[in-house]
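Chemist: Give me coordinates for this.
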Amino acid sequence: MIIVLKPKTKKKEIESLIEKIKKKGLKPVAFEGEERTAIHVLGDTKGEIGNGWSSIQCVEKVMRILKPYKLASKEHNSQKTVVRVGDATIGGNDFVVIAGPCSVENEKQIMESARLMKDNGIKIMRASAFKPRTSPYSFQGMGIGGLKLLKKVREKIGILVETEIMDVRDVAIAAEHVDLLRIGARNMQNFDLLKEVGKVNKPVTLKRGIAATIKEFLMAAEYILMNGNKNVILCERGIRTFETAYRNTLDLAAVAILKKESHLPVIVDPSHAAGNRDLIAPLCKASAAVGADGLLIEVHPNPEEALSDGAQSLYPEQLTSLLKELKPICNAVGRKL
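Modeler: Numbering: from 1, shown residues only. All right, here's what the predicted structure looks like:
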């Protein structure tokens with residue numbers, strides 16, 4: 001059930017209404033929009049819609065949500081959610097490119113990467129300190145040491161940083177060191193991790209699972225939202241199919257349906273879909289054309305020397321060319337790169 005409040009409702013009235021909801025044994029989650037506040041009521045709300053809520057002076061209307069993903073649904077919030085990461089905004093008019101190496105390898109590599117990203121106008125650099133790898137013998141990331149390097153990069157170069165988290169024990173410390181958290185495809189249904197990320201005041205990118213349906217993807221986002229973190233970015237990164245010509249099948253139809261079903265911003269990771277740097281540019285262009293709010297791309301100063309995902313990492317000059325080629329497409333769909 002959603003209780004939509006009238007415009008300019010006072011904070012004291014909102015707090016009073018929240019207390020009334022709690023006394024009913026229900027859980028209120030307030031979402032503040034540009035014009036009005038909506039309170040989502042979680043729990044057994046059968047019979048509550050006609051139970052006098054609409055007669056309260058500050059209440060504009062009371063609605064029932066039919067979708068299983070309550071907070072992620074457009075039924076809950078018809079206005080687009082715009083997620084702020086430092087001075088960058090994702091989900092508004094800007095088309096945001098998050099780019100950088102797959103992982104933090106050493107100080108020289110990550111500093112060089114940050115300078116390259118900043119020189120290309122990239123506001124947010126990606127780089128993982130923790131790496132979930134198929135093989136236990138592959139490079140697993142630098143861990144806490146990698147987080148410290150990301151913080152150093154942020155302070156020295158002046159660029160926003162994002163990284164992947166894999167363990168509930170690392171959420172708090174990661175949130176202290178970076179500007180944007182990321183939950184990878186393998187952890188999309190790590191429910192304890194989703195809950196923990198929901199409790200921190202830090203934006204989070206949630207990647208679609210390797211074989212997840214749209215419903216499962218949005219239900220995963222629901223775990224984060226219902227625990228209090230409203231700054232969630234959805235990321236389509238390709239799903240596993242029978243095709244072997246590329247790493248994963250990029251589901252661009254998912255971008256369109258997610259934009260239709262949810263108010264949350266949607267970005268695309270073409271790198272993990274392609275698995276091959278030669279496919280990245282066309283997939284980026286298609287993502288922009290279909291309505292994505294941004295991209296998550298792997299770029300490395302020297303891809304041949306990368307400790308992970310070198311084959312799908314762009315060369316610096318390829319990033320520069322790609323950004324130029326993306327501009328007219330973004331302009332055509334009313335977005336600013």
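Chemist: Now Val204: closest residue in space that isn't a chain neighbour?
Modeler: Leu181 (4.5 Å; CB to CB, 6 or more residues apart in numbering). No exception for glycine: its C-beta is placed from N, CA and C like everyone else's.
Chemist: Which neighbouring elements make contact with the helix or strand containing that neighbour?
Modeler: Using DSSP states H and E, Leu181 sits in strand 180-183. On a contact count with 3 or more CB pairs under 8 Å, 6 or more residues apart in numbering; DSSP states H and E, strand 180-183 meets strand 160-164, helix 171-177, helix 191-198, strand 204-207.
Chemist: Determine which of the ones you listed approaches Arg154 most closely.
Modeler: Checking the helices and strands packed on strand 180-183 against Arg154 by CB to CB gives strand 160-164 as the closest, at 5.1 Å.
Chemist: can you give me the mean pLDDT across the closest one?
Modeler: Mean pLDDT, strand 160-164: 97.
Chemist: And stretch 77-85, by the same measure?
Modeler: The model assigns stretch 77-85 a mean pLDDT of 91.
Chemist: what do you get for stretch 99-108?
Modeler: On average, stretch 99-108 scores 96.
Chemist: what does it rub up against?
Modeler: Residues from elsewhere that reach stretch 99-108, judged by CB atoms under 8 Å, 6 or more residues apart in numbering: 109-110, 113-114, 117, 120, 122, 124-129, 131, 139, 141-142, 146, 149-150, 152, 163, 295-301, 306-309, 313-314, 319.
Chemist: Give me the sheet partners of the strand holding Leu181 and which way each runs.
Modeler: Applying DSSP bridges, strand 180-183 is found paired with strand 160-164 (parallel), strand 204-207 (parallel).
Chemist: Where do the helices of the protein begin and end?
Modeler: Assigned helices in the chain, in chain order: 11-23, 107-119, 144-157, 171-177, 191-198, 214-226, 252-261, 270-274, 280-290, 316-332 (criterion: DSSP state H).
Chemist: Go ahead and measure how far the first one is from the middle of the chain.
Modeler: So the one you mean is helix 11-23. Remark: helix 11-23 is offset 30 Å from the chain centroid, using CA atoms, centre = their mean, to the nearest Å.
Chemist: Just the CA trace of it, in CSV.
Modeler: Coordinates of the C-alpha atoms in helix 11-23 are reproduced here as CSV (Å, rounded to 0.1, in the frame of the first residue of the first chain):
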residue,chain,number,x,y,z
LYS,A,11,7.7,17.3,8.3
LYS,A,12,5.8,17.2,11.6
GLU,A,13,2.7,15.8,9.8
ILE,A,14,4.8,13.2,8.0
GLU,A,15,6.4,12.0,11.3
SER,A,16,3.0,11.8,12.9
LEU,A,17,1.6,9.7,10.1
ILE,A,18,4.7,7.4,10.2
GLU,A,19,4.0,6.8,13.9
LYS,A,20,0.4,5.9,13.3
ILE,A,21,1.5,3.3,10.7
LYS,A,22,4.0,1.8,13.1
LYS,A,23,1.3,1.5,15.8
